[in-house]
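Asker: this one's sequence-less:
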């Protein structure tokens, strides 16, 4: 794992930190490969339940590193999008912990996350149109699904930023924290999620994310396919048994 990306485990939670504070955590090929490798580990390791993506030094990410771009680098992974997550997010829940700016490609990484915890001073933006570019890393496609359509278009067409309090009002941010508290707030949210059944978490995420692309009939069919193995699992029996015995469940992921 490159020094540009730091990865640690905290009780079933994988913390992925983009570690280029001197460059406002701008995205390079090394960052992309590091994040992609981390989320692959997240999905493959049964001991990990939730992922958390953040940036070092008080900034989430300022987007693509233009100097690296001029050297011919790209932070996109073929077939997977920016840092390997914008086109193919991990199967397990992923939370963004945001301090400072989440800008351009950095904001698109945030949109690949399922939940967002942000400091009250955080700011979000997709300024690509100001340079006659298009937010093609996911924002133009995904932002209208996360915000009211007219507000999403305002951000995309003006390129002007949105502050965290307003982002929370319109549902883009799940929880606000004081400045400097986003990581701790995200870890608290992650711990709550990680305490739940791991098979149920991945199936629930798959249904919630897939539903936007399914007809009603397809949705019921796909949901049935996804939930059948969960209801037949040892974990489902453990959940019911633990409830009856008034004790915390012990999940096995099977």
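Answerer: Now that the structure is in, tell me what you want to look at. Remember, it's a predicted structure, so these values are computed and weren't measured experimentally. Numbering: from 1, shown residues only.
Asker: List the buried residues for the helix or strand of the chain with the lowest mean pLDDT?
Answerer: Least confident element among the helices and strands of the chain, by mean pLDDT, DSSP states H and E: helix 66-70 (a mean of 80). Buried positions in helix 66-70, judged by neighbour count with 16 or more other CB atoms under 10 Å: residue 68. Placement of C-beta: from N, CA and C, glycine included.
Asker: Can you give the distance from it to the centre of its chain?
Answerer: 25 Å (CA atoms, centre = their mean, to the nearest Å).
Asker: who's in contact with it?
Answerer: For helix 66-70, contacts defined as CB atoms under 8 Å, 6 or more residues apart in numbering pick out 26, 28, 29, 75.
Asker: How about stretch 26-46?
Answerer: In this structure, residues lying in contact with stretch 26-46 by CB under 8 Å, 6+ apart are 1-2, 4-5, 7, 14, 16, 18, 20, 25, 48, 51, 53, 61-66, 68, 73-77, 80, 82-85, 89-92, 94, 105-106, 109, 198, 253.
Asker: Of these, select the buried ones using a ChimeraX command.
Answerer: Those of the contacts of stretch 26-46 that count as buried under 16+ other CB under 10 Å are selected in ChimeraX with:
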select :4,5,7,14,16,18,20,25,48,51,53,61,62,63,64,65,68,73,75,76,77,80,82,83,84,85,89,90,91,92,94,105,106,109,198
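Asker: that older thread, which one of the contacts of helix 66-70 has the most neighbours?
Answerer: The most crowded member of the contacts of helix 66-70, judged by other CB atoms under 10 Å, is residue 75 (27 neighbours).
Asker: wait, doesn't it sit right on residue 108?
Answerer: No - counting by CB atoms under 8 Å, residue 75 stays clear of residue 108, with 10.2 Å between them.
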